[in-house]
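**Student:** Provided below for reference: sequence and predicted model.
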Amino acid sequence: MRIAILALVAAIAFGAILQASPTQTNSTAAAFTAQAQPQPQAQPQFPERVDINLDLDDDDEWYANPIYIGFGVLALIVLVLVVAMAFRGGGTTIVRG
């Protein structure tokens, strides 16, 4: 079993080496060809205006903040648990001596 796994790993590694070699020679030839030909300079196309308004000073809508909503949900769960435990009771323990 070890020999089969080792052979598979070796075949994958050998295949990766063979695939990498022609690509490197082609990219080198392409680099020399690209240097010989001047590239036209294209003007970058920017959008006219991007307006991002992050109004962080707006405290009027605190109730829509997810943090406050999360705290409120947790407080409501704790309140329900406390009320349920209070009504459930458990009786008192009477020790007879």
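**Tutor:** That came through fine.
**Student:** Report how many residues lie close to residue 72.
**Tutor:** When neighbours are defined as other CB atoms under 10 Å, residue 72 has 11 of them. For every residue, glycine as well, the C-beta is placed using N, CA and C.
**Student:** so after the helix or strand bottoming out on mean pLDDT in the chain, what's the next helix or strand?
**Tutor:** When each helix and strand of the chain is scored by mean pLDDT, DSSP states H and E, helix 2-36 comes last, with a mean of 65. Following helix 2-36 in sequence order, the next helix or strand is helix 66-88 (DSSP states H and E).
**Student:** Need the contact partners of that following helix.
**Tutor:** Residues outside helix 66-88 that contact it (CB atoms under 8 Å, 6 or more residues apart in numbering): 62-63.
**Student:** again, 7 Å this time
**Tutor:** residue 62 (CB atoms under 7 Å, 6 or more residues apart in numbering).
**Student:** Can you read off the pLDDT for the residue nearest the centre of the chain?
**Tutor:** By CA atoms, centre = their mean, the chain has its centre lying nearest to residue 66, at 19.5 Å. Listed pLDDT for residue 66 reads 89.
**Student:** cool, and residue 47?
**Tutor:** 68.
**Student:** Same question for residue 42.
**Tutor:** For residue 42, the pLDDT comes out at 75.
**Student:** Count residues in the vicinity of it, would you?
**Tutor:** When neighbours are counted by other CB under 10 Å, residue 42 registers 6.
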